[in-house]
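K.L.:
structural data only, the sequence is not supplied:
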C-alpha cells in the first residue's frame with residue numbers, strides 16, 4: 001500500500017512539473033503574442049488605407065498587440081492580395097480586400113496565382129460603399145423612370161466611371177443590360193475627371209462612390225438620380241431613392257471593404273479576430289467615421305461573408321463578360 005502511494009505521489013509530482021513547464025508555453029502560444037500586420041493592396045491615402053488605419057488603433061487595443069498597416073500597392077491590387085494569400089495562416093498577416101480585389105479582378109485578369117474563394121479566409125465585411133448615378137443638371141431627368149425613357153431615345157449615351165472593371169463600371173453595364181439602354185462606357189483615369197466632365201456637360205451620366213460625388217452634388221453641379229446599392233437609402237443622401245426600391249429590387253453590384261486572412265486560419269484564431277474587429281468598430285468612434293466616409297457598416301460573421309462571396313461571384317463573372325473588359 002505504501003509502495004502504491006509512493007508511485008501515485010511520484011506520478012503527481014511529474015504531472016505537476018509538466019503543467020508548470022507547459023503553462024508558459026501555452027501563454028506564449030496564445031493568440032496574439034506579437035504584432036499583427038494588415039496588408040492594404042493600394043497606395044497610402046486612399047479609401048482602403050484610411051479605413052485600415054482607422055480600424056488598426058482600436059483593434060490593437062482589443063487584441064492587446066500592435067496592429068501595423070502595410071501598403072503593398074501595384075497591379076490594381078493584385079500584388080498585395082497575393083502577398084496575403086501566400087502568408088502563413090497564423091493570424092499575424094491579414095489584408096483589406098474589396099469588390100475590386102475579391103469579386104472583380106478574379107474574373108477580369110488572367111494568370112492570377114491565387115483564387116479569391118479558395119486561398120483566403122473571409123473574416124468580415126466591414127461595410128458597403130454605395131455608388132451614385134448622377135446626371136448633368138442640364139438634362140430634364142429627375143428620377144430613374146425619366147432616365148430610362150431618355151436613354152432609350154438617345155441610344156449610345158455615354159456614362160463615365162473611374163475605370164474599366166470597377167464596381168461603378170459594372171453597375172452601369174448591369175443597368176444598361178437590364179433596360180436595353182445601349183449605354184456607352186467612358187473609362188476615365190479617375191472618378192474626379194468623370195465627375196467634372198458630367199458637371200460640365202461633356203458626358204450626360206456619371207457613376208461613382210457616394211463620398212466622391214457628394215461635393216459636386218451639394219454644390220448643385222450634379223443631380224443624383226439613384227443610390228446604387230442593396231442596403232436602402234444612404235444617410236448622406238436621404239432624399240435620393242435606392243435603386244432597389246422600385247427599379248431593380250435584386251440589384252447587388254456594390255463596393256465593399258472587408259477583412260481577410262490566408263486560407264486555413266485556425267477556428268479559434270478566426271473567432272478571436274472577428275470578435276476583436278466587431279468590438280473595435282462598435283466600441284469606438286470608428287463606426288461613425290466609416291459612415292462619414294460613405295461606408296455602411298455590416299460586420300457579418302465569417303460564414304455569412306463567405307456565403308455572400310460565393311453567391312455573388314457568378315454575377316460578377318457574367319458582368320465582366322458582358323462588359324468585355326479584360327486585363328492580361
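P.N.:
Noted; the coordinates are in hand. Keep in mind the model is a prediction, meaning the values are calculated, not measured.
K.L.:
which residue ranges form the helices in the stretch 101-250 of the chain?
P.N.:
With DSSP state H, counting those that start in this stretch, the ranges of helices along the stretch 101-250 of the chain come out as 105-108, 144-153, 167-178, 191-199, 210-218.
K.L.:
could you say what helices and strands the shortest one packs with?
P.N.:
Put plainly, it is helix 105-108. helix 302-323 (3 or more C-beta pairs under 8 Å, 6 or more residues apart in numbering; DSSP states H and E). In short, each C-beta sits where N, CA and C put it, glycine included.
K.L.:
and the helix it packs on with helix 167-178, angle?
P.N.:
Angular relation of helix 302-323 and helix 167-178 on a 0 to 180 degree scale: 60 degrees, by axes from the mean of the first three to the mean of the last three C-alpha atoms, to 10 degrees.
K.L.:
hmm, who's touching helix 302-323?
P.N.:
Contact with helix 302-323 is made by 102-104, 106-108, 116-117, 121-125, 164-165, 169-170, 173-174, 177, 185, 252-253, 258, 270, 274, 300, as judged by C-beta atoms under 8 Å, 6 or more residues apart in numbering.
K.L.:
report the buried members of these.
P.N.:
Buried by 16 or more other C-beta atoms under 10 Å: 102-104, 106-108, 116, 121-125, 164-165, 169-170, 173-174, 185, 253, 258, 270, 274, 300, out of the contacts of helix 302-323.
K.L.:
returning to that earlier point: output the helices of the stretch 101-250 of the chain as TSV; include the columns mean pLDDT and distance to residue 232.
P.N.:
As requested, the helices of the stretch 101-250 of the chain are exported to TSV (pLDDT from 0 to 100; distance: least, C-beta to C-beta, whole Å):
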stretch	mean pLDDT	distance to residue 232
helix 105-108	93	27
helix 144-153	96	16
helix 167-178	90	16
helix 191-199	93	23
helix 210-218	92	13
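K.L.:
which one, of those helices, ends up nearest to residue 64?
P.N.:
Proximity to residue 64, assessed across the helices of the stretch 101-250 of the chain by C-beta to C-beta, is greatest for helix 210-218 (32.7 Å).
K.L.:
please, which helix or strand holds residue 274?
P.N.:
helix 267-282 (DSSP states H and E).
K.L.:
can you mark which positions in that helix are buried?
P.N.:
Across helix 267-282, burial judged by 16+ other C-beta under 10 Å covers 269-270, 272-274, 276-281.
K.L.:
show me what it is packed against.
P.N.:
With 3+ C-beta pairs under 8 Å, 6+ apart as the test, helix 267-282 has helix 47-63, strand 120-129, strand 255-262, helix 286-292 packed against it.
K.L.:
returning to that earlier point: mind checking which of the helices of the stretch 101-250 of the chain is nearest residue 52?
P.N.:
Ranking the helices of the stretch 101-250 of the chain by proximity to residue 52 (C-beta to C-beta) places helix 210-218 first, at 16.4 Å.
K.L.:
next, the buried residues of that closest one.
P.N.:
Applying 16+ other C-beta under 10 Å to helix 210-218 flags 210-214, 216-217 as buried.
K.L.:
any idea how far residue 326 is from the nearest residue to residue 138 once chain neighbours are set aside?
P.N.:
In this structure, residue 138 finds its nearest non-sequential neighbour in residue 201, 5.5 Å apart by C-beta to C-beta, 6 or more residues apart in numbering. From residue 201 over to residue 326 the distance is 31 Å, taken as C-beta to C-beta, to the nearest Å.
K.L.:
repeat for residue 218
P.N.:
37 Å.
K.L.:
could you do residue 239 as well?
P.N.:
Distance, residue 239 to residue 326, using C-beta to C-beta: 39 Å.
K.L.:
how far is stretch 95-102 from where the chain is centred?
P.N.:
Centroid displacement of stretch 95-102 relative to its chain, using C-alpha atoms, centre = their mean, to the nearest Å, is 5 Å.
K.L.:
average model confidence for that stretch?
P.N.:
In this model, stretch 95-102 has an average pLDDT of 94.
K.L.:
contacting residues around it?
P.N.:
Residues contacting stretch 95-102 (C-beta under 8 Å, 6+ apart): 38-41, 48, 51-52, 76-78, 80-81, 83-84, 116, 120, 165-167, 254-261, 309.
K.L.:
endpoints of that stretch, how far apart?
P.N.:
With C-alpha to C-alpha, to the nearest Å as the measure, the ends of stretch 95-102 fall 11 Å from one another.
K.L.:
so where is the stretch 151-300 of the chain shaky, pLDDT-wise?
P.N.:
Low-confidence segments of the stretch 151-300 of the chain (pLDDT under 70): 246.
K.L.:
sweet, I'm off.
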